[in-house]
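[1] Okay, predicted coordinates and the sequence, questions at the end:
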Amino acid sequence: MLRIHFAPEDFARIRLTRTPDPLWEIVGSLHRFQTTRGRWAYADWYRSAREALVGRGLDAAVRRLLIPVVPRARYFPDFLTPLESSEGLARGLEAIRGAPPTRVAQEVRRLDEVNGAPGWTERLPERHTREEFVKLLGAYHDAVIAPHHDRICARLAGEHALRARQTLDAGIDGLLAGLTPAVRWDPPVLRIDYVEDRDVHLRGRGLRLIPSYFCWQMPIALADDSLPPVLVYPLHRSRSPVSEGPPDTSLVALLGKTRAAALRALALGATTSELARSLGVSPATVTHHTSVLRDAGLTTSRRYRNTVLHTLTPLGAALLRPGFQPEARDAAPVPGRPAPSRSPQRPHR
């Protein structure tokens, strides 16, 4: 078990990442290749990733060079997930490239002691070897992560909205208690099901929470307690991160395919641009559909600075509940669609 101990000043220094951290997503995706259950859980992605790696001639290099350095095990080197990665892939790769050789050598030795490492990893402290390794990381990201960027961003946007609401409704206690079933909040200690037993004392440094699309079941923390503390955790209800199935036929019949998909996507709230990415349409098209849904009383929109956040009304949320069958007199007509039938024998759904 991992125990993260909070001091009073740490609560004001909790940060939740809004966008994907590309190097942590690389790590999580490499872990998915290493277990049968992990591959099945991400079957949709796994098939396309395998095809992409084979098509680009990267499959052998990934097996020989990447997976041994990022094993799904008790330890892998911290220098592979630098803080700079939060600013984008290029900054993260540059941080790996520029990592102090003494630190790289120390972490490679620990990797060998804990898990065993191939002999070539002894050359990772050398600048040239690390340059080639960074190029492979970039090529891997382009092949298997970048094609899913919009889907990942949309899922993280929903996660951020959900956690923000938890915090507003129940404070920091609500946020920390609701992260994932593998995490339990026992103030002032966050207890996490983990691959080893250890304690991390934050001592006023705060905690960076990183929701990850490819993190599955078990959260991950840095091995070196002297580094800025982070906790990478799986997205809310991300048991099967494949393309969501189509909305049920009754909802499509009432709203139309795109508006029904938009309504489902707004279950956790989204901005216009986030919803556009999720639906694969233009922001102008999203604006039209959200106006229709808002006029029908299903959603509400609030502007904050230069963005508009769309969320469900109670009626909109009720429409998404399985088995919801409103009587015709209670259902708001949707502009552009026929008014609901008023037959008491067959209420329109």
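    Great, that's in hand.
[2] So which residues of the chain form strands?
    All strands of the chain, identified by DSSP state E, fall at 2-5, 14-16, 183-186, 189-192, 198-201, 207-212, 220-221, 230-234, 270-271, 299-304, 307-312.
[3] so what strands line up beside the last one?
    Looking at strand 307-312 with DSSP bridges, its partner strands are strand 270-271 (antiparallel), strand 299-304 (antiparallel).
[4] same check, this time on the fourth one
    Strand pairing for strand 189-192, using DSSP bridges, gives strand 2-5 (antiparallel), strand 183-186 (antiparallel).
[5] Just the buried positions in the last one, please.
    This points to strand 183-186. By neighbour count with 16 or more other CB atoms under 10 Å, strand 183-186 contains the buried residues Val183, Trp185. Heads up, the C-betas are built off the backbone N, CA and C, glycines and all.
[6] Could you say which of the strands paired with strand 307-312 is packed most deeply?
    The highest mean neighbour count among the strands paired with strand 307-312, using mean count of other CB atoms under 10 Å, belongs to strand 270-271: a mean of 22.
[7] ok, how many other residues are close to the closest residue to Thr311 other than its chain neighbours?
    With CB to CB, 6 or more residues apart in numbering as the measure, Gly269 is the residue that lies nearest to Thr311, at 4.5 Å, once sequence neighbours are left out. By the other CB atoms under 10 Å criterion, the neighbourhood of Gly269 contains 21 residues.
[8] Please name the residues that touch Gly269.
    Taking CB atoms under 8 Å, 6 or more residues apart in numbering as the criterion, Gly269 is in contact with Gly158, Ala161, Leu162, Arg165, Leu309, His310, Thr311, Leu312.
[9] pLDDT score assigned to it?
    Confidence at Gly269, expressed as pLDDT, is 78.
[10] That one and Gly178, how far apart?
    Taken as CB to CB, to the nearest Å, the spacing of Gly269 relative to Gly178 amounts to 16 Å.
[11] again with Ala260
    For Ala260, the distance to Gly178 - CB to CB - is 28 Å.
[12] Equivalent analysis for Glu9, please.
    The spacing between Glu9 and Gly178, counted by CB to CB, is 23 Å.
[13] tell me the domain ranges of this protein?
    Each structural domain of the chain that the record assigns through automatic domain parsing is listed here as a residue range: 2-15+151-234, 20-148, 249-330.
[14] burial of Thr129, as a residue count?
    With neighbours defined by other CB under 10 Å, the count for Thr129 comes to 15.
[15] Tell me where the stretch 151-300 of the chain has helices.
    249-255, 257-265, 272-279, 283-295 (DSSP state H, counting those that start in this stretch).
[16] Can you pull out the low-pLDDT segments for the stretch 101-250 of the chain?
    236-250 (pLDDT under 70).
[17] change it to 80
    150-151, 154-155, 157-158, 161-162, 165, 236-250 (pLDDT under 80).
[18] Now Leu30: closest residue in space, sequence neighbours ignored.
    Val70 (4.7 Å).
[19] Let me know the distance separating the one you found from Arg294.
    Shown here: Val70 relative to Arg294, a distance of 45 Å by CB to CB.
[20] which one of those two has more residues nearby?
    The neighbour comparison of Val70 against Arg294 (other CB under 10 Å) goes to Val70, with 22 against 15.
[21] which residues does that one contact?
    Under the criterion of CB under 8 Å, 6+ apart, the contact partners of Val70 comprise Ile26, Val27, Leu30, His31, Phe76, Leu80.
[22] Which ones among the residues you listed lie within helices?
    Secondary structure from DSSP state H places Ile26, Val27, Leu30, His31 of these in helices.
[23] Rebuild those residues as CSV, extending it with distance to Ala170 and neighbour count.
    As requested, the ones in helices among the contacts of Val70 are arranged in CSV below (distance: CB to CB, whole Å; neighbours: other CB atoms under 10 Å):
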residue, distance to Ala170, neighbour count
Ile26, 33, 24
Val27, 31, 22
Leu30, 35, 22
His31, 31, 21
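[24] Just give me the closest of these to Lys135.
    If you rank these by distance to Lys135 using CB to CB, Ile26 comes first, at 13.4 Å.
[25] In contact with the closest one, which residues?
    Taking CB under 8 Å, 6+ apart as the definition of contact, the neighbours of Ile26 are Val70, Leu137, Tyr140, His141, Ile145.
[26] hmm, 6 Å instead?
    Under the criterion of CB atoms under 6 Å, 6 or more residues apart in numbering, the contact list for Ile26 reads His141.
[27] Model confidence for it, exactly?
    Reading off the per-residue confidence, Ile26 sits at a pLDDT of 97.
[28] What of Pro347?
    The predicted local confidence for Pro347 comes out at a pLDDT of 31.
[29] quick thing: my sequence starts at 10, can you match it?
    Shifting the count to begin at 10 puts that one at Pro356.
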